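J.: fold the stuff below for me.
(chains A and B)
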Amino acid sequence: MGNLDIKLKVDATGLSCPLPILKATQAIRTVASGELIEVVATDPGSVKDFAAWAGSTGNALVESDSADGKYRFVFRHK
Amino acid sequence: MSAVATAPVIQTSSEGAIKTKKLVIIDYSGELEKTWATMILTSTAAAMEMETSVFVTFWGLQTFVKDKKRITGQNWMQKMMSFMKRPGVSHRPLSKMNFMGMGPWMMFQLAKKYNVSKPKDLLEMSMALGVKFYPCQMTMDMFGLRREDLLDGMEEPVGAATALQLMTEADSTLFI
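T.: Residues are numbered from 1 along each chain as shown, chains lettered A, B, ... in the order given. As a prediction, this is how the structure comes out:
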């Protein structure tokens, strides 16, 4: 943690389904292939949803953790 | 800090390429809560890189009339129909607890409070993400709707045969 080269950070805190997924989609399309984005959400459903999204799109989930009701995900653009 | 999600298994075809899934929705009812469900699914499906098509028919087509249109139709019966229930994505009635528009108003207040996107915003996002919305030609004729009454960005009108072709080629089809 902390030593990843994050290109773009997405604040999806407070947002309900499906907005965190839609925001992440918009964001990851603006970075080049192989680059990383970080998404922070508070929607507990986003944990499973982001795993499904990564599986469907092929954008790899590089890292994920949670603290203080926040869920953090790092994805690599395929 | 604790890990919350595991890396998913990416589904691949026998050639090793990621297989594109296809979703088709028949948007039939035109009611607020069902329109909401449709727009959540289409925007998310497009975000998941599924090829997403919606056949918009019967009451569903009322959702796709431009919000600012008040009266549509060519003859008095068609005009009366639009007068009795205002068309447009922002003017959908609830199937339950509509109470002359009080129900939808309360729904929108709750959506705002809990940061839930409105169907209108999700529809715009769906279009921006490449979801294809096909108006039903027969419904357009029956309700006297012209192409310019409908939202920009829709596909050319089609009929039941095209809808069935989309459905048989899809991985998942929903009638909402």
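J.: would you map the strands across chain A?
T.: Across chain A, reading from the start of the chain, the strands by DSSP state E fall at A:6-12, A:36-41, A:60-67, A:70-76.
J.: so for chain B, which of the ones you listed sits nearest?
T.: In terms of CB to the nearest CB, the element of the strands of chain A nearest to chain B is strand A:60-67, at 4.4 Å. For every residue, glycine as well, the C-beta is placed using N, CA and C.
J.: now the closest one: average pLDDT?
T.: Averaging pLDDT along strand A:60-67 yields 96.
J.: what is the neighbour count of B:F55?
T.: Other residues lying near B:F55 total 26 when counted by other CB atoms under 10 Å in any protein chain shown.
J.: before we move on, back to that, export the strands of chain A as JSON lines, with columns for mean neighbour count and distance to A:I21.
T.: Listed next are the strands of chain A as JSON lines, based on neighbours: other CB atoms under 10 Å in any protein chain shown; distance: least, CB to CB, whole Å:
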{"stretch": "strand A:6-12", "mean neighbour count": "16", "distance to A:I21": "9"}
{"stretch": "strand A:36-41", "mean neighbour count": "22", "distance to A:I21": "9"}
{"stretch": "strand A:60-67", "mean neighbour count": "17", "distance to A:I21": "13"}
{"stretch": "strand A:70-76", "mean neighbour count": "20", "distance to A:I21": "11"}
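J.: as a markdown table, the ones you listed with distance to chain B would be great.
T.: Conversion of the strands of chain A to a markdown table gives the following (distance: least, CB to the nearest CB, whole Å):
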| stretch | distance to chain B |
| --- | --- |
| strand A:6-12 | 10 |
| strand A:36-41 | 11 |
| strand A:60-67 | 4 |
| strand A:70-76 | 6 |
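J.: tell me the contacts of B:Q78?
T.: B:Q78 makes contact with B:72, B:143-144, according to CB atoms under 8 Å, 6 or more residues apart in numbering or on different chains.
J.: same thing with A:V62?
T.: Taking CB under 8 Å, 6+ apart as the criterion, A:V62 is in contact with A:4, A:36, A:74-76.
J.: do you know which of the strands of chain A lies nearest A:F50?
T.: Closest to A:F50 of the strands of chain A is strand A:70-76 (CB to CB; 5.2 Å).
J.: pLDDT of that closest one, averaged?
T.: Here strand A:70-76 scores 97 as its mean pLDDT.
J.: now do it against strand A:36-41, angle only.
T.: Regarding strand A:70-76 and strand A:36-41, their directions subtend 160 degrees when assessed with axes from the mean of the first three to the mean of the last three CA atoms, to 10 degrees.
J.: against which helices or strands is strand A:70-76 packed?
T.: Under the contact criterion of 3 or more CB pairs under 8 Å, 6 or more residues apart in numbering or on different chains; DSSP states H and E, strand A:70-76 touches helix A:19-28, strand A:36-41, helix A:46-57, strand A:60-67.
J.: other residues contacting it?
T.: So strand A:70-76 is in contact with A:4, A:6, A:13, A:24, A:28, A:34-44, A:46-47, A:50, A:54, A:59-66, B:4-5, going by CB under 8 Å, 6+ apart.
J.: what is the nearest of the contacts of A:V62 to B:G159?
T.: A:F75 (40.8 Å).
J.: how about that closest one: which residues does it bridge to?
T.: According to DSSP bridges, the partner residues bridging A:F75 are A:I37, A:L61.
J.: how near is it to A:G55?
T.: Look at A:F75 and A:G55: by CB to CB, to the nearest Å, they are 12 Å apart.
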